[in-house]
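Asker: the following block contains a protein sequence and its predicted model.
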Amino acid sequence: MEKMREMKKFENRKISRKVSKKNTSSSFSEYKDLIRDLSFSDNFQLKLAGYLLLGIIFIFTIIAVLKIYLE
């Protein structure tokens, strides 16, 4: 399963490089590759969800501490 994902990523990069050679702007193709890599990455989505959860917990903690401190 993991090897199939790696092969698919490799094939997608090959295709994107072929397309990027036809494009005149290299920066656009680099951003496109970056976005494609991030969208296929399960780890990126897990990290994003984890950071959002930590941020929400942190904000509620600050609010609770301020409420206790100001009373």
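Answerer: It's in. Numbering: from 1, shown residues only.
Asker: going by C-alpha atoms from here, please, whenever you check contacts or count neighbours.
Answerer: Fine.
Asker: domains in the chain, by residue range?
Answerer: 1-40, 43-71 (automatic domain parsing).
Asker: rank those by pLDDT, which is bottom?
Answerer: Mean pLDDT per stretch puts domain 1-40 lowest among the domains of the chain, at a mean of 64.
Asker: what distance do you get for Tyr51 to Lys8?
Answerer: Distance of Tyr51 to Lys8, given as C-alpha to C-alpha, to the nearest Å: 28 Å.
Asker: what of Phe58?
Answerer: 38 Å.
Asker: what does Gln45 give?
Answerer: 19 Å.
Asker: Gly55 too?
Answerer: In terms of C-alpha to C-alpha, Gly55 sits 34 Å off from Lys8.
Asker: and what of Asn43?
Answerer: On the measure of C-alpha to C-alpha, Asn43 and Lys8 end up 16 Å apart.
Asker: could you do Ile62 as well?
Answerer: 44 Å.
Asker: Leu70 too?
Answerer: 56 Å.
Asker: who has more neighbours, those two?
Answerer: Lys8 (12 against 6; other C-alpha atoms under 10 Å).
Asker: what helix or strand is that one on?
Answerer: helix 2-22 (DSSP states H and E).
Asker: how about Asp33, secondary structure?
Answerer: Put simply, Asp33 is helix when judged by DSSP: H, G, I helix; E, B strand; the rest coil.
Asker: burial count for it?
Answerer: Neighbour number of Asp33 under other C-alpha under 10 Å is 17.
Asker: how near is it to Gln45?
Answerer: Distance from Asp33 to Gln45, by C-alpha to C-alpha: 17 Å.
Asker: for the chain, which helix is longest?
Answerer: helix 42-70 (DSSP state H).
Asker: show me what counts as buried in that one.
Answerer: By neighbour count on 16 or more other C-alpha atoms under 10 Å, the buried set for helix 42-70 is empty.
Asker: I appreciate the help and will end here.
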